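S.K.: requesting a structural model of the entry that follows:
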Amino acid sequence: MFRIPTRIRLAPGCLNELPAWLDQYDGPGMLVTDGGVRALPWFASLESSLTSARDAGIRIVDDIEANPRAGTIDRHASEGRAEGLKWVVAVGGGSALDAGKAISMLLTNEGSITDFEGKNQFDWPAAPFVAAPTTCGTGSEVTWVSVVSVPEKRTKISIKGDGMFPAAAFVDANVLATLPGPLIASTGMDAMTHAIEAFIAKGANPASDALAMQAVRMLIRHLGPCIRSPERSDHRAHVMHASTLAGMSFGNADVGAVHCLSEAIGGVFDHPHGLLNTLLLTPVLRYQFVDIRDRLRHLSAFLGAPRPETLLERLETMITEFPLGSWSDLAIPEDAFSEIAHLAEANGSNASNRKDMKAVDYHRILASLAEAAESDKIDGMANRL
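M.R.: Presented below is the predicted three-dimensional model:
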């Protein structure tokens, strides 16, 4: 079954329409973002439009972490309930959107966000929530899930619910013009991961497949040019739209082992989610290759690639060419592999893998990445001699 109840506006400049949309909501609300987004040149105008247009007032929250923390979400939700806030709008990357989505649910369901881990664990639909992504990777603007870090437990949790879909999403490709190349690269490859994992997931269906295939094609064609020339509006639009299509796809089909590992690592070490997905994508796909070959063959044929291996090689070339760090830069110690592997197996999306993935499988992937990183390090030292 495929479902997407969110009203979606896909158009350059559509952020200017956000204040008018919010006029339909009575009472005071909350604007959720982060310090980096709030410092961007265009945000001051948006903030002014939102605050001046609302007699009921709007509370501005800009301290959302790169991996939004349960304590931060609980605090803002508690204060929002005390102030009688009625709706939430989030403007930012996946962290701000996930935080805003979680806060909107807690406005109508008292408790800690950790009380609601899992699917449909809350009694009342979330307060109206509107999402405006500022990166090309989250997809959270069209999904029912919020991923939250719980640092004291060194883990991430997922909160899903039918009542958590955003009421509306404003997807404005113009915001990419102000992003640095590495952020476009890592978030764009996050969208690529969403699309590919949705396509190979057990829950894939004809509608999610169509969205995933189109998202992959658009990203392969336009992500590199967008990184090199973010001033080009055509590349920005295709990349931003691909991110939302990928979100619609994985929001219905789910993700898999790449996300299981990246969320486990992110929970333990607080590394950026998009970068982790980028670096894990092809190693995980190659590990699962026998079980996903037929699905990758269909995707490769759609893209005009002669065989599935060609698609993997193309992805590896893209990632190598992008301005990103390497696996060794993450400095993940081998004595943490066991903890990460068990967290990955326990991830709610692990069951969506076509290959049965156990902790030992995730441990093998991590070990192979560490071995390759060490080999590259030795080769680099030899080349300098």
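S.K.: can we go C-alpha only for contacts and neighbour counts from here?
M.R.: Will do.
S.K.: how near is the closest residue to F2 other than its chain neighbours to L97?
M.R.: Here the nearest residue to F2 in space, its sequence neighbours aside, is N252; by C-alpha to C-alpha, 6 or more residues apart in numbering that works out to 6.0 Å. Plainly put, N252 is 18 Å away from L97 if you go by C-alpha to C-alpha, to the nearest Å.
S.K.: between the two, which has more neighbouring residues?
M.R.: With neighbours defined as other C-alpha atoms under 10 Å, N252 and L97 compare such that L97 has more, 31 against 20.
S.K.: does the more buried one touch P133 like I think?
M.R.: Yes: L97 lies in contact with P133 (C-alpha atoms under 8 Å); the separation is 7.2 Å.
S.K.: what do these two both touch?
M.R.: Taking C-alpha atoms under 8 Å, 6 or more residues apart in numbering as the contact rule, L97 and P133 both touch A90, V91, E141.
S.K.: find me the pLDDT at the first one, would you?
M.R.: Model confidence at A90, expressed as pLDDT, equals 98.
S.K.: again, but for G380
M.R.: We have a pLDDT of 50 for G380.
S.K.: hang on, the residue nearest to F2 packs against S208?
M.R.: Yes: using C-alpha under 8 Å, N252 is in contact with S208, at 6.7 Å.
S.K.: what residues are up against the residue nearest to F2?
M.R.: Going by C-alpha under 8 Å, 6+ apart, N252 touches M1, F2, R3, G203, A204, S208.
S.K.: just the element for the closest residue to the third one other than its chain neighbours, please.
M.R.: In this case it means R3. Excluding the flanking residues, the one nearest R3 by C-alpha to C-alpha, 6+ apart is N252, at 6.9 Å. For N252, the host element (DSSP states H and E) is helix 233-253.
S.K.: check which element follows that helix along the chain.
M.R.: helix 257-269.
S.K.: got the domain ranges for the protein?
M.R.: As given by automatic domain parsing, the domain ranges for the chain are 7-174, 180-384.
S.K.: what stretches of the stretch 51-200 of the chain score poorly on pLDDT?
M.R.: Residue ranges of the stretch 51-200 of the chain with pLDDT under 70: 53-56.
S.K.: residue ranges for the strands of it, please.
M.R.: Applying DSSP state E, counting those that start in this stretch to the stretch 51-200 of the chain gives strands spanning 58-61, 87-92, 118-119, 129-133, 145-150, 155-160, 168-171.
S.K.: deepest in the core, which of those strands is it.
M.R.: strand 129-133 (a mean of 28; mean count of other C-alpha atoms under 10 Å).
S.K.: so who does the residue nearest to L223 when sequence neighbours are not counted touch?
M.R.: Spatially, and ignoring its direct neighbours in sequence, L223 is nearest to V239 (6.0 Å; C-alpha to C-alpha, 6+ apart). Contact analysis of V239 by C-alpha under 8 Å, 6+ apart lists C136, G188, M218, L219, H222, L223, C226.
S.K.: L261 too?
M.R.: L280, I340, A341, L343, A344, Y362.
S.K.: repeat that with 6 Å
M.R.: Residues near L261 by C-alpha atoms under 6 Å, 6 or more residues apart in numbering: A344.
S.K.: so which residues of the stretch 201-350 of the chain form helices?
M.R.: 206-228, 233-253, 257-269, 273-287, 289-303, 308-321, 337-346 (DSSP state H, counting those that start in this stretch).
S.K.: compare the ones you listed and give me the one nearest G27.
M.R.: The stretch from the helices of the stretch 201-350 of the chain with the least distance to G27 (C-alpha to C-alpha) is helix 233-253; that distance is 29.5 Å.
S.K.: mind listing what's buried in that closest one?
M.R.: Buried residues in helix 233-253, counted by 16 or more other C-alpha atoms under 10 Å: 235-253.
S.K.: equivalent analysis for stretch 331-349, please.
M.R.: Buried residues in stretch 331-349 (16+ other C-alpha under 10 Å): F337, E339, I340, A341, H342, L343, A344, E345, N347, G348, S349.
S.K.: reformat the residues you listed as CSV; add pLDDT.
M.R.: Shown next, in CSV, are the buried residues of stretch 331-349 (pLDDT from 0 to 100):
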residue, pLDDT
F337, 98
E339, 97
I340, 98
A341, 98
H342, 98
L343, 97
A344, 98
E345, 98
N347, 96
G348, 94
S349, 97
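S.K.: tell me which of those is nearest to M192?
M.R.: Of the buried residues of stretch 331-349, the one sitting nearest to M192 (C-alpha to C-alpha) turns out to be S349, at 17.2 Å.
S.K.: number of nearby residues for the residue nearest to that closest one when sequence neighbours are not counted?
M.R.: In space, S349 comes closest to G256 once its chain neighbours are excluded; the distance is 5.5 Å by C-alpha to C-alpha, 6+ apart. By other C-alpha under 10 Å, the residues close to G256 number 29.
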